[in-house]
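**Student:** missing the sequence, but the structure's below:
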């Protein structure tokens, strides 16, 4: 009796899409927003109002870091996001077989980094010298909310990728008996 090749299940599709949103789409969107803000601030011309004689004065000093994000942080976030996107594409295709394990490892690793970053943001006291409305309170609140998704989505991904339908999809065939699955899991 020939069996057909296992298809990607709906739950596996949800796991791959949700993890791609959390670990690739949102980080790349954040990088894009920071770069767009930096571009906007760099293109802006600052002039003081004209005096009674019609002379326009230029400010003595302009600039500053309004984003609070270093270039190294942006590069690191972009590399991780694009790297995970590549893993997600291979996981969607189901090839090579070991991509399931790579996906689980990547999700766990990025989850640990995300949670550490969220805790650092939540425990950092706002710098009053930057002003009361510096955005520190907003980022602390958002870190609390995103912490739930940073834990729930990876738990679902790891759980679902460990289930028999996902293992069969990545293996490329169904096992005939439960004893064969035990032997296959040991290999």
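**Tutor:** Arrived safely. The structure displayed is predicted, hence computed values, not measured ones.

**Student:** residue contacts, the residue nearest to residue 149 when sequence neighbours are not counted?
**Tutor:** In space, not counting the residues next to it along the chain, residue 149 is nearest to residue 22; the distance is 6.4 Å by Cβ to Cβ, 6 or more residues apart in numbering. Every C-beta, even on glycine, is put in place using the N, C-alpha and C of the backbone. Residues counted as contacts of residue 22 (Cβ atoms under 8 Å, 6 or more residues apart in numbering) are 114, 149-150, 153-154.

**Student:** just residue 12 next, same as before
**Tutor:** Remark: with contacts taken as Cβ under 8 Å, 6+ apart, residue 12 is in contact with 160-161, 165-166, 169.

**Student:** Buried among the residues you listed? Need that as a selection in ChimeraX.
**Tutor:** Buried residues among the contacts of residue 12 (16 or more other Cβ atoms under 10 Å), as a ChimeraX selection:
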select :160,161,165,166,169
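
**Student:** Let's check: the centremost residue of the chain is which one?
**Tutor:** Using Cα atoms, centre = their mean, the residue of the chain that lies closest to the mean C-alpha position is residue 23, 2.4 Å off.

**Student:** burial of the closest residue to that one other than its chain neighbours, as a residue count?
**Tutor:** Setting aside the residues directly before and after it, residue 23 is nearest to residue 84 in space (Cβ to Cβ, 6+ apart), at 4.4 Å. In terms of burial, residue 84 registers 23 neighbours under the definition other Cβ atoms under 10 Å.
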